[in-house]
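Enquirer: need a 3D model of the sequence below.
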Amino acid sequence: MFRCAVCCGQWQELMDSRPPPDYEDPDELEAIRVAKERSGDFKLKSAADYVVPEHLRMNTAKVTDNIGELRQAVCVTFNNRARQLYKNISMLSLCYFCFR
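Expert: Sure thing, here's the model as predicted:
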């Protein structure tokens, strides 16, 4: 019986120390205000009135340009690697004939 009274007393102290439901912490309000100032304007892509900005739109011309750039990069990389391998093979063949 005594233990129940102690627990009920502690529980009542805890409930009394709670802030009221409409209490707003000034530090939290300041943090929210600062976050709103610094976060910028983010639009929801699921919104009915969302329009993709021009610089983010993809069309066939942009995709074709991207594919061309990627193809060029692959060719340059492949050619550089092939040239390096050819040089290595040439050096090996020279060494083979020199020390024969």
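Enquirer: ok, now how distant is S90 from T77?
Expert: 21 Å (CB to CB, to the nearest Å). To be clear about C-beta, it is placed using only N, CA and C from the backbone, and glycine gets the same treatment.
Enquirer: no wait, M91
Expert: Taking CB to CB, one finds M91 at 21 Å from T77.
Enquirer: do D16 as well
Expert: Applying CB to CB to D16 and T77 gives a distance of 72 Å.
Enquirer: show me the biggest helix of this protein in terms of residues.
Expert: For the chain, the longest helix by residue count, based on DSSP state H, is helix 60-98.
Enquirer: circling back to that earlier point, of D16 and T77, which one has the most company?
Expert: T77 (10 against 7; other CB atoms under 10 Å).
Enquirer: how far does stretch 73-93 sit from the chain's center?
Expert: 36 Å (CA atoms, centre = their mean, to the nearest Å).
Enquirer: so for that stretch, mean pLDDT?
Expert: Stretch 73-93 carries an average pLDDT of 90.
Enquirer: try stretch 13-22
Expert: 88.
Enquirer: and the end-to-end length of that stretch?
Expert: 20 Å (CA to CA, to the nearest Å).
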